[in-house]
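Asker: how would this look folded up:
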Amino acid sequence: MTSQLILKDTREKMEKSLTHLVDQLRQIRTSRASPALVEGIRVDYYGTPSPISQVAQISVPEPRQLAIKPFDAAMLKEIEKAIQKSDLGVTPQSDGKILRLTMPPLSGDQRKKYAARVKDLAEEARVSMRNSRRDENKRADALFKDSKMTEDEHKKCLEDIQKCLKEYEDKVTGALDKKTAEVMEN
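Answerer: Predicted coordinates for the structure are as follows:
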């Protein structure tokens, strides 16, 4: 029973690391426009920093263009300022009702820089997962030492934790490969 609980906790921690990685990867620019690029940008909404996705509708009318239509027309200038302050590197065009962001094609150097960032994020996720493995292995060792787990259960638990780590590292590699391919494509 205890080894199953440890394995369940291990899976939950690794799933959180993977989910965090996927969220971070969504915000990295590719040659295509994606609402995720601006969703995390915070805009001052009557004194409260709020994500753009909560104060405006974000759409993709063309593959390289984002359209941002605020729910409150008075927010247009605030959203425009927030986008200009962000590290997105795109200047929004406003027609008074809608902001349009046209994504310029990425240069070769930008692609390499973004691909390196993707690789760094994937490595951070792997490190987080390995730390989870270490913590859960220590937990299993403590239970074995306190005679709450047999030697066979302990060995099986450690093997299962390692299998879980391998499974999630493979998922990280899949996400890394997919995002790197998106960044590098024209």
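Asker: for Thr102, list the residues it contacts.
Answerer: Neighbouring residues of Thr102 by CB atoms under 8 Å, 6 or more residues apart in numbering: 64-65, 90, 93. No exception for glycine: its C-beta is placed from N, CA and C like everyone else's.
Asker: and the residues you listed as a markdown table, adding secondary structure and pLDDT?
Answerer: Shown next, in a markdown table, are those (DSSP: H, G, I helix; E, B strand; the rest coil; pLDDT from 0 to 100):
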| residue | secondary structure | pLDDT |
| --- | --- | --- |
| Arg64 | coil | 83 |
| Gln65 | strand | 86 |
| Val90 | coil | 78 |
| Gln93 | strand | 85 |
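Asker: which one of the residues you listed is nearest to Leu176?
Answerer: Taking CB to CB as the measure, Leu176 lies nearest Arg64 of the contacts of Thr102, at 24.1 Å.
Asker: can you get me a residue count around the closest one?
Answerer: Neighbours of Arg64 under the rule other CB atoms under 10 Å: 14.
Asker: filter the contacts of Thr102 down to the buried ones.
Answerer: Val90 (16 or more other CB atoms under 10 Å).
Asker: of all the contacts of Thr102, which comes closest to Ser132?
Answerer: Ser132 has its nearest neighbour among these in Val90, at 36.7 Å by CB to CB.
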